[in-house]
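1. model the structure of this input:
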Amino acid sequence: MIGQILTIAALSGLVWLANGVRQIGAVSRGEPIGSRPGTALLLIDLQSVFWDEGPYEDAAKADAMSAILAEVAKAKAENLPIIAVRQEWSIPSTKIIARLTMRGQAIEGTPGTQIAKPFEGLAEHVLVKRVQDAFETGELDELLERLDVGKLRIVGLDFRYCVAKTALAARQRGYAVEVATRATLCVNQTAGDETRGILSSNAVILR
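-> Model (predicted):
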């Protein structure tokens, strides 16, 4: 009897964690946005724990930073809203997964979740996301509606994960989406090439 209870508890725990994994990588769906004239620049996960302590090479970071700052300067010159989105793992199952597989990085309340110094103060709006898809909480939907935005330019990291999932979620809602690839970072370039194909097949413009 005790063995059965332990087995059921273990299986329940595995299902719970598996659901957390699913949540992390899921792409949300939202209401179609219709026609909106505005464009916004979206900065993804440019926070200390990833930028300063992440697995990216210094040369790649230098190139990406130059490209990101150029995109910011362009957005400011065009008087476009700039939105930064920070990762904080806050769902119980995803917090456990972050501890087990991500060295505990970016769990809510831990050091390093703030915007990295090279990008401090660049965004007029800063939101927090719980998973890879920045639309998951609904806050980004609401902000873009208030700003009357129908097109997104996306920069940041990681290209394969949070950048891609946010871009795909935006396309699900009807946004026009551009990803400035030089202004992104990607740990796994081979997988990044596969992601490029997925994004292109979903009408995301890569430039």
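
2. can you find the helix or strand in this structure with the smallest mean pLDDT?
-> In the chain, the helix or strand scored least confidently by mean pLDDT, DSSP states H and E is helix 2-25, which has a mean of 62.

3. in its sheet, what does the helix or strand following it sit against?
-> Remark: after helix 2-25, the chain's next helix or strand is strand 38-44, criterion DSSP states H and E. Sheet pairing here is set by DSSP bridges, and for strand 38-44 it gives strand 82-87 (parallel), strand 149-157 (parallel).

4. using CSV, write out every CA atom in the longest one.
-> Put plainly, it is strand 149-157. Output of strand 149-157 as CSV, limited to C-alpha atoms (Å, rounded to 0.1, in the frame of the first residue of the first chain):
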residue,chain,number,x,y,z
VAL,A,149,0.9,48.9,-32.0
GLY,A,150,0.5,46.5,-34.8
LYS,A,151,4.1,45.8,-35.7
LEU,A,152,7.0,44.6,-33.6
ARG,A,153,10.7,44.8,-34.0
ILE,A,154,12.4,42.3,-31.7
VAL,A,155,15.9,42.1,-30.4
GLY,A,156,17.5,40.3,-27.4
LEU,A,157,18.2,36.7,-26.3
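
5. quick one, the following helix or strand past it and strand 149-157 angle?
-> Once the chain leaves strand 149-157, the next helix or strand it forms, by DSSP H and E, is helix 164-173. On the basis of axes from the mean of the first three to the mean of the last three CA atoms, to 10 degrees, helix 164-173 is oriented at 170 degrees to strand 149-157.

6. before I go, just wanted to say thanks for your time.
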